[in-house]
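Q: Return atomic coordinates for the entry below.
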Amino acid sequence: MKTDTNVTHPYTHLQMSISGKTAIAGLGVTAFGKLPGRSSWSLQTEAVKRTLDDAGLEKEDVDGLLTAPPLSEPLLLHAEQLGGKLGLKANYLSQKFIGGATALALVAEAAMAIDAGLCEVAVCVYGENAKTGMPMLFGRAQMGRGQTSTASPKRCSARSRFLSASMPRATPPRPTATH
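A: Next up is the predicted model:
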């Protein structure tokens, strides 16, 4: 079956790429490994602060926050809770967890949110302190991992690094058409 490649559509003149419109301007990495006394929340907070320092930004510059909730300290509305702990006034909040693709998905969503004008500076953060051991929740060990010496270090070590990236708009907003 032959298809017509000369199809016209009213939106075909629009640029469909966000390439070059955003940039990763800062990176924050905390210590990783066995970190007794450190919570996922404290490490995420530190990663965001280091990211802003690296990018030369203040928390008042941030209006977008994208997170992946830690499995070791689960909480609904993680982005809202972390934003509150950081004192951010975010216009755009998002959280997701999709396994090994989470970091890439957070950065891609941040770039799209900036391009769409939903925020100007977005921070992406993920991490947890699973290698140290799962904390107690409501008096019970969570998920049975990390509480005993039989836990496999390989199983938890992939989640013991904390990364955060700040992504401000790389170019000024596009001018709007006037009639």
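Q: so for stretch 111-122, what's the average pLDDT?
A: The average pLDDT within stretch 111-122 is 94.
Q: how far does that stretch stretch from start to finish?
A: End-to-end span of stretch 111-122 (C-alpha to C-alpha, to the nearest Å): 8 Å.
Q: what's near enough to touch residue 54?
A: Going by C-beta atoms under 8 Å, 6 or more residues apart in numbering, residue 54 touches 25-28, 166. C-beta: built from backbone N, CA, C; applies to glycine.
Q: ok, which pair from the residues you listed is furthest apart?
A: Of all pairs drawn from these, the one with the longest distance (C-beta to C-beta) is 25 and 28, at 11.4 Å.
Q: Would you mind telling me which of those two has the busier surroundings?
A: residue 28 (22 against 18; other C-beta atoms under 10 Å).
Q: Name the SS class of residue 111, please.
A: What DSSP: H, G, I helix; E, B strand; the rest coil gives for residue 111 is helix.
Q: In terms of helices and strands, where is residue 128?
A: Using DSSP states H and E, residue 128 sits within no helix or strand.
Q: ok, it touching residue 75?
A: No - Residue 128 is beyond contact range of residue 75, at 11.7 Å (criterion: C-beta atoms under 8 Å).
Q: if you count what's nearby, which of these two comes out ahead?
A: residue 128 (24 against 14).
Q: Would you mind measuring from the nearest residue to that one once chain neighbours are set aside to residue 89?
A: Counting by C-beta to C-beta, 6 or more residues apart in numbering, residue 128 lies nearest to residue 70, which is 3.3 Å off, once chain neighbours are set aside. The spacing between residue 70 and residue 89, counted by C-beta to C-beta, to the nearest Å, is 23 Å.
Q: if I've got this straight, residue 24 is in a strand?
A: No - secondary structure of residue 24 (three-state DSSP): coil, not part of a strand.
Q: ok, it touching residue 107?
A: Yes - Residue 24 is within contact range of residue 107, at 7.3 Å (criterion: C-beta under 8 Å).
Q: For residue 70 and residue 89, indicate the residue with more neighbours.
A: Each of residue 70 and residue 89 has its neighbours counted (other C-beta under 10 Å); residue 70 has more, 23 against 9.
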